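Enquirer: Make a model of this:
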Amino acid sequence: MMIEILENEGDAAWSSEQVVLNNLNKLPLEHLDGLLYFCSGNYSFNFPSLEELIIEDCPNMKYFCQGMLSTPMLHKVNYERKEVENEENDLNLTIQQAHKEKVDSNIKTLKLNGRDIMVIWQGEFQENFCIIETLGLITDEHTYIPIQILQKFVSLENLILTVSSYEELF
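Expert: Purely as a prediction, here's the structure:
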């Protein structure tokens, strides 16, 4: 399962480096269930020629990268077959807003990764999930699902477990 495109190797010297991809004009990210981000490192990325970014069927991708990001030619992002304005040339914000809009509009189905599950379990996310009918748990390394999480999903009809390490559900 690919979690990121460019791996953060944890070298502090690299964190101040700028990665320039001069000739990249199209970047399709498609059908990557485990993809969380393009890069988790604090690198600066410059995509001077990038005109087209396609993000499709990457349900866990909530931002592009943590570092500085320049995409001067990227005016729209094709997010789940919908064109989204790259407002203020802030690709991270554009992806976050598109992801939130998609989740809000498709609230009967929800996919969560291991980190999301822990946030809900620890009570940091107090939303009421009463209309969720299908819950997909993806890429979770925990060995069991705490019952406290499932109690929040009172209308749950389908529980889908993908790439998980569960030994016990309740």
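
Enquirer: Spell out for me which residue occupies the centre of the protein.
Expert: Nearest to the mean C-alpha position of the chain, by CA atoms, centre = their mean, lies residue 61 at 1.7 Å.

Enquirer: And what about it, helix, strand or coil?
Expert: Applying DSSP: H, G, I helix; E, B strand; the rest coil to residue 61 yields a three-state assignment of coil.

Enquirer: what's the distance between it and residue 46?
Expert: 20 Å (CB to CB, to the nearest Å). Every residue, glycine included, has its C-beta placed from N, CA and C.

Enquirer: care to break this structure down by domain?
Expert: 4-105, 109-164 (automatic domain parsing).

Enquirer: okay if I get those domains as a markdown table plus mean pLDDT?
Expert: Converted to a markdown table, the domains of the chain look like this (pLDDT from 0 to 100):
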| stretch | mean pLDDT |
| --- | --- |
| domain 4-105 | 85 |
| domain 109-164 | 76 |
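
Enquirer: Check which residues of the helix or strand where residue 119 lies are buried.
Expert: Per DSSP states H and E, residue 119 falls inside helix 114-121. For helix 114-121, the neighbour count (16 or more other CB atoms under 10 Å) marks 114, 116-118, 120-121 as buried.

Enquirer: for stretch 30-39, same thing?
Expert: Going by neighbour count (16+ other CB under 10 Å), the buried part of stretch 30-39 is 32-39.

Enquirer: now do stretch 77-94
Expert: Within stretch 77-94, the residues scored as buried using 16+ other CB under 10 Å are 77, 79-80, 84, 86, 91-92, 94.

Enquirer: Strands of this structure, start to end?
Expert: 4-6, 18-20, 26-30, 37-39, 44-46, 52-56, 69-70, 76-79, 82-85, 109-113, 134-140, 158-164 (DSSP state E).

Enquirer: Can you tell me which of these is nearest to residue 99?
Expert: strand 76-79 (7.8 Å; CB to CB).
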